[in-house]
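K.L.:
Here's my sequence, what's the structure:
(chains A, B, C and D)
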Number of protein chains: 2
Amino acid sequence: MSDDKADLIATFFKEETLTKGTLIINEGKTSKKSFFLESGIVRCYIIDLEGNEITTRFFSAPDFLNDFLSFFEQQPSEENYELLTDAKLHSISFTDVQYCFHNIPEFREWGRMMLTLNHVFLKKRMIALHKETAQERYSNLIKTHPEIVQQVPLHMIASYLGVTKYSLSRIRKEIK
Amino acid sequence: MSDDKADLIATFFKEETLTKGTLIINEGKTSKKSFFLESGIVRCYIIDLEGNEITTRFFSAPDFLNDFLSFFEQQPSEENYELLTDAKLHSISFTDVQYCFHNIPEFREWGRMMLTLNHVFLKKRMIALHKETAQERYSNLIKTHPEIVQQVPLHMIASYLGVTKYSLSRIRKEIK
DNA sequence: ATTACAAATTGCCATATGGTAACTTAAGGA
DNA sequence: TCCTTAAGTTACCATATGGCAATTTGTAAT
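P.N.:
Alright, predicted model coming up:
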């Protein structure tokens, strides 16, 4: 992408510095923004029928993130997105995203890529939950995202991997 | 949608009658078509590293289907789509889909809906694999898609649910 | 009717994971 | 520093599921 285009696109983003614990997307509310995460870690989770939190995804900087369904369909989100650390973000509004989609081909291309990556992520995760043992899933997480394993509380990682915190604690011991 | 538009869109679809066992999308090949399934059942599966088939999805008529990644990104498919019964399909080429996207707003809207439904399916499935027992997943399948439970061989359903055929056979016995 | 083959079932035991309760460790506030 | 609380660990046992092997059932071809 040319510098001109990059600069143009950058003008639509607004810098935000937020503290640990902030919810940047809330269950039940329609998400108005997409984000670029410059620093920090974000956890995405839903609350199931029994009231348990299920962590469905982590984002660690640098990365783009939004709630695909809530943002692009402008409907209430089913998930919460919580900052696990203090973070610096750059946000763009739905209106501006629409404007950029219509007027900047490179931005449209970027949107397509986001969508594809999102889809690939879900498919990989589905297959992992399907065929891998909890230990394999944990080992893979260490390989691909060591920063998450290091910085995120064990019970959240356990929930993300689909096991209890007790099991994950045992898996940790075995791996060492 | 108006009848005029519907008729116009229909002209881009070509009827195909195919027999049980036919692969309509092949692993390794770039998918050139999207389909409307008028009658029949389709199974989507991948082959994992150990050579096992993992069934990732069923489609039963009437439904639209394509391989999102292979079709829209025009890259080799990672999955196979197999007819489990004789079937009548209506197919539309990638070129024609692009044409319709550019020229028929209703079609664009339909594309967006497909994408969203696809996404919702993957998320639901992820959560099901995450939190439900095999028995719950099977019960839900019976509720939502009894025709699949009736017509599809047990070992394929087992693979879809993420359990062995032995376990599913036992689950079946308990439920009765 | 007979054979052949795939699909499905079931007894048996192994393994992975769940869940409680007790305990230890770590971290932040008064 | 002490106190309080959350996080993490671990012993123990329960439950869910895996997987082999033997058997039965169903189905299609001859």
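
K.L.:
what's near enough to touch the residue sitting nearest the centre point of chain A?
P.N.:
Against the mean C-alpha coordinate of chain A, by CA atoms, centre = their mean, the closest residue is A:Phe59 at 4.0 Å. Residues in contact with A:Phe59, defined by CB atoms under 8 Å, 6 or more residues apart in numbering or on different chains, are A:Leu37, A:Ile41, A:Val42, A:Cys44, A:Leu65. (Each C-beta comes from the backbone N, C-alpha and C, glycine too.)

K.L.:
Flag every residue of chain A that's near DNA strand C.
P.N.:
Within chain A, the positions lying close to DNA strand C (CB under 7 Å from any atom of the strand) are A:Thr133, A:Ala134, A:Gln135, A:Gly162, A:Val163, A:Thr164, A:Tyr166, A:Ser167, A:Arg170, A:Ile171.

K.L.:
Can you tell me which of those residues are buried?
P.N.:
A:Ala134, A:Gln135, A:Gly162, A:Val163, A:Ile171 (16 or more other CB atoms under 10 Å in any protein chain shown).

K.L.:
Could I get the residues you listed in CSV, plus columns for pLDDT and distance to B:His90?
P.N.:
Compiled in CSV, these are given as follows (pLDDT from 0 to 100; distance: CB to CB, whole Å):
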residue, pLDDT, distance to B:His90
A:Ala134, 96, 43
A:Gln135, 96, 46
A:Gly162, 96, 39
A:Val163, 97, 44
A:Ile171, 97, 49
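
K.L.:
Break chain A down into its domains, please.
P.N.:
Taking automatic domain parsing as the reference, chain A has its domains at A:3-131, A:134-176.

K.L.:
could those go into TSV alongside distance to DNA strand D?
P.N.:
Formatted as TSV, those follow (distance: least, CB to the nearest atom of the strand, whole Å):
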stretch	distance to DNA strand D
domain A:3-131	9
domain A:134-176	3
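
K.L.:
For B:Lys14, which of these is the nearest?
P.N.:
Checking the domains of chain A against B:Lys14 by CB to CB gives domain A:3-131 as the closest, at 26.8 Å.

K.L.:
Which secondary structure state does A:His130 sit in?
P.N.:
helix (DSSP: H, G, I helix; E, B strand; the rest coil).

K.L.:
could you measure it against B:Phe94, distance?
P.N.:
Per CB to CB, to the nearest Å, A:His130 is found 29 Å from B:Phe94.

K.L.:
which of these two has more neighbours?
P.N.:
Counting neighbours by other CB atoms under 10 Å in any protein chain shown for A:His130 and for B:Phe94 shows that A:His130 has the greater number, 20 against 17.

K.L.:
can you tell me which residues contact the closest residue to that one other than its chain neighbours?
P.N.:
Using CB to CB, 6 or more residues apart in numbering or on different chains and skipping the chain neighbours, the partner closest in space to A:His130 is B:Gly162 (4.8 Å). Residues in contact with B:Gly162, defined by CB under 8 Å, 6+ apart, are A:Leu129, A:His130, A:Lys131, B:Leu129, B:Ala134, B:Arg137.

K.L.:
In those residues, find the pair that's most separated.
P.N.:
The most distant members of the contacts of B:Gly162, if one measures by CB to CB, are A:Lys131 and B:Arg137, lying 15.1 Å apart.

K.L.:
more crowded one of these two?
P.N.:
B:Arg137 (21 against 17).

K.L.:
which non-adjacent residue is nearest that one?
P.N.:
Nearest non-adjacent residue to B:Arg137, counting by CB to CB, 6+ apart: B:Leu161, 4.8 Å away.

K.L.:
One more: A:Gly21?
P.N.:
Excluding the flanking residues, the one nearest A:Gly21 by CB to CB, 6+ apart is A:Leu83, at 6.4 Å.

K.L.:
what about the strands in chain A?
P.N.:
Under the criterion DSSP state E, chain A contains strands at A:14-18, A:23-25, A:33-39, A:41-47, A:53-60, A:63-65, A:80-83, A:87-93.

K.L.:
The third one and chain B, any residue contact?
P.N.:
No - Strand A:33-39 does not reach chain B (CB under 8 Å from any CB of the partner chain); its nearest approach is 15.6 Å.

K.L.:
okay, the angle between that strand and strand A:87-93?
P.N.:
Compare the direction of strand A:33-39 with that of strand A:87-93 by axes from the mean of the first three to the mean of the last three CA atoms, to 10 degrees and you get 160 degrees.

K.L.:
what about A:Ile47, neighbour count?
P.N.:
Other residues near A:Ile47 come to 13 when the count uses other CB under 10 Å.

K.L.:
How about the contacts made by it?
P.N.:
A:Glu27, A:Glu53, A:Ile54, A:Asn80.

K.L.:
With A:Glu106 instead?
P.N.:
With CB under 8 Å, 6+ apart, A:Glu106 has these contacts: A:Met1, A:Lys5, A:Ile9.

K.L.:
what about it, distance to A:Leu18?
P.N.:
The span separating A:Glu106 from A:Leu18 equals 28 Å under the rule CB to CB.

K.L.:
Check A:Ala87 too.
P.N.:
6 Å.

K.L.:
neighbour-wise, which of the two wins?
P.N.:
In this comparison of A:Ala87 against A:Leu18, neighbours counted by other CB under 10 Å, the higher total goes to A:Ala87 at 23 against 15.

K.L.:
can you tell me which residues contact the more buried one?
P.N.:
Contacts here follow CB under 8 Å, 6+ apart; on that basis A:Ala87 touches A:Thr17, A:Leu18, A:Lys20, A:Leu37, A:Glu38, A:Ser39, A:Gly40, A:Ile41, A:Val42, A:Ala61.
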